[in-house]
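Peer 1: My questions concern the predicted model and sequence given below.
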Amino acid sequence: NERTDQEVDFRQLRQRRTDIDTELTSLKARRSNLPAAMLGLREKLCTALDLSANQLPFAGELLQVRDDERDWEGAIERLMHNFALSLLVPDEHYGAVASWVDQTRLQGRLVYYRVRQSSTSRQEAKHPQALSRKLEIKTDSPLYGWLENELGQRFNHICCTDMTEFRRQERAITHAGQIKTGGLRHEKDDRHAIDDRTRFVLGWSNENKIRALDQQRAQLEQSIQVLADRISELDDEFKRLAERLGDLGRLEMFDDFQRVNWSESAHAIAELEGEYQTLQEQSDILKTLRGQLDLLEQASREQEEQLDGLQARRHTAAEQIRRDSDDRETAEGELAALDEANRAPVFERLEALRDEVLEARAVNLKSIDARQREFREWLTARIDNLDKQIRRLNDRIIQSMADFCNTWSQETREVDRNVEAAGEYRAMLERLQGDDLPRFEKRFKELLNENAIREVANFQSQLNREREQIRERIEIINRSLHEIDYERGRYIRLLAENAQDADIREFQQNLRACTEDSVTGSADAQYSEQKFMQVRAIIERFRGREGTAELDRRWTRKVTDVRNWFAFSASERWREDDSEHEHYADSGGKSGGQKEKLAYTVLAASLAYQFGLEWGEKRSRSFRFVVIDEAFGRGSDESARYGLELFGRLNLQLLIVTPMQKIHIIEPFVASVGFVHNPEGRQSLLRNLTIEEYRAEKAAKAARDLVTPIAAS
């Protein structure tokens, strides 16, 4: 009975280990924590409907507990276990999925949700300890909005660390996994340990679950081994008892003790053997005869051994004679097959090589095989050495061909790089020698200096002009900035410094190298060739080299855009001594108001440059129109007032477009709360017009301007 019980437990543990092995195999092939059975069910569904698994995700694949909330992971897993195993079906696949589920015997349980994409509903503010705040939704999922809504509505339980708070909340959960819903229903399911990671289903990384299953499997292995040892002990005990029972059964065959009294028979045998030994020792004749018999038997054995040896030698000699005869016949046949005309020179060559290799060592029937093997090994080594020399020579020839082809890729694009193509290379050599190209080197240098390098110099000059133009424009803008009080007693100055980018610096150096010393007119052939290679390297990269065309295009756009040659920054300086108060490489670390103020300052100066305005000069009849979107209204009052004052000083007509298609027409002004002031001092309310109203008013004004002079005349 005990063995049967142990066997049942053993089978159950082995089945559990098999299940864990299956689950581990499935987990290692994916990232999800979901059970393999649920994934298999989804795979059948996707195969039948020709869909991918990404189109029908489980909720658990898109949710995970945040790293900083891991101490709540067990309780959250217990609450959301069933929801995590639910399939999320987008609305466009709902009909097909519902039909397939209804027509198919699933052999399991499946819960799925119909996900309708709609505008995100406005959610109430979440409690700081709300369970949904401790969850993370996969950001690249198209179901992100639906899941965020669902979590906020269904899982807004408050995570309570003490029972007082738990009793106060209507929906709550504790670390131990007690769940309170609706203020009345309470549940705590302790059928499994709350920290049993083998049952966790949330998250898109299953490393922790695999580690937990590995530990559980190791524990199962130990338990299985303990049960196996106990079953083995029981089997040994059972066998021992069975043998004892068999012995007792066999004893039942004997009804008389004398039938099993072996000691009495053994005693009688010992007495008879002793009597026989005594008779042998007391008889001299018997002893003499036994000695003679031993000598004769020894001599007979020696004679038989000698006879066996002679027969073996005779058999070996006969076998050797047969083999030698066969070898002789084979050799004579091979000799007869040789051509008579080639026999003599071949034998002479072999004779010379034999003396060189064998060094006059004796060759007879016994040593001929060894000598032949030595000669063959020497000959094979020599052939291999010659083959290696040929291969090395072949490699050098091919490498030379490759170097030539790489240097002159255009001229050799149809020529193979192998020894068989040597004729084509010879033909090119003959053609080059026949063309006598060195005679044209002088003309090549003239064209290089007069055309190529001159064009490169023009290109370089154009880039330098653009660079100087940028510096001039920055200087004009700086003159405008100097007139603007950024802060009391301080102004802003834009700085354009040379960029430290490695690509741009290298490009500038290469461009200078192409034109350096070009005015000397050097007739040095090496100089001309060097300049040609420098120009060609730049042109080829502009054109796009094979294999790096996209990288070269990006590089070309980068180095030929002169704006990239500068690193722009702003310096806030004191008017009194022109010393620097603060340097702005960017707006990082500044408040929102500071960023807006800096932006408005640079914008106003740029507009002054764009319209060609001078500070303090009035141009009442000029129309300067600037449009700003609704972001202008989101800034602080102080920064907005500062920006409006700058635009007012420039006599700009400002149009601010709001998201409600409202247009605020702001005449030249200095801003005040609720009113705007024009230069003549009249006040007018800020007018809000729709686009249609604005157009109608402008049309009516144009008609009045046209009709009034006619009526007056």
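Peer 2: In hand now; what should we look at?

Peer 1: where exactly do the strands run in the stretch 501-650 of the chain?
Peer 2: When assigned using DSSP state E, counting those that start in this stretch, the strands of the stretch 501-650 of the chain occupy the ranges 566-574, 580-584, 625-628.

Peer 1: and W204, which of the three is it?
Peer 2: Assigned with DSSP: H, G, I helix; E, B strand; the rest coil, W204 falls in the coil class.

Peer 1: Would you confirm that it contacts R30?
Peer 2: No - under the contact definition of Cβ atoms under 8 Å, W204 does not touch R30, with a separation of 9.8 Å. Backbone N, C-alpha and C define where each C-beta goes, glycine included.

Peer 1: re earlier: between the strands of the stretch 501-650 of the chain, which one is nearest to V346?
Peer 2: Nearest to V346 among those is strand 566-574 (84.1 Å), distances taken as Cβ to Cβ.

Peer 1: which residue ranges form the strands in the stretch 1-150 of the chain?
Peer 2: Chain-ordered strands for the stretch 1-150 of the chain, with DSSP E, counting those that start in this stretch as the definition, fall at 63-65, 87-90, 112-115, 135-137.

Peer 1: Save the ones you listed as TSV, and put in mean neighbour count too.
Peer 2: Supplementary listing: those in TSV, determined by neighbours: other Cβ atoms under 10 Å:
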stretch	mean neighbour count
strand 63-65	22
strand 87-90	20
strand 112-115	17
strand 135-137	18
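
Peer 1: Those: which one's closest to R493?
Peer 2: strand 135-137 (47.2 Å).

Peer 1: circling back: so of the strands of the stretch 501-650 of the chain, which one's packed in deepest?
Peer 2: Ranked by mean neighbour count under mean count of other Cβ atoms under 10 Å, these are led by strand 566-574, which reaches a mean of 16.

Peer 1: report the angle between the axes of that strand and strand 580-584?
Peer 2: Compare the direction of strand 566-574 with that of strand 580-584 by axes from the mean of the first three to the mean of the last three Cα atoms, to 10 degrees and you get 150 degrees.

Peer 1: Strand 566-574: partners in the sheet, and parallel or antiparallel?
Peer 2: The strands beside strand 566-574 in its sheet (DSSP bridges) come out as strand 490-498 (antiparallel), strand 580-584 (antiparallel).

Peer 1: Distance from the chain centre to that strand, please.
Peer 2: Shown here is strand 566-574, whose average C-alpha point lies 41 Å from the average C-alpha point of the whole chain (Cα atoms, centre = their mean, to the nearest Å).

Peer 1: just the helices in the stretch 51-200 of the chain please.
Peer 2: In the stretch 51-200 of the chain, helices defined by DSSP state H, counting those that start in this stretch lie at 59-62, 73-84, 94-103, 144-154, 163-168, listed in chain order.

Peer 1: So what touches stretch 565-584?
Peer 2: Residues lying outside stretch 565-584 but in contact with it, judged by Cβ atoms under 8 Å, 6 or more residues apart in numbering, are 467, 470, 486-487, 489-500, 504, 508, 585, 590, 598, 602.

Peer 1: V602: neighbour count?
Peer 2: Around V602 there are 18 other residues, counting by other Cβ atoms under 10 Å.

Peer 1: If anything else comes up later, I'll come back, but that's it for now.
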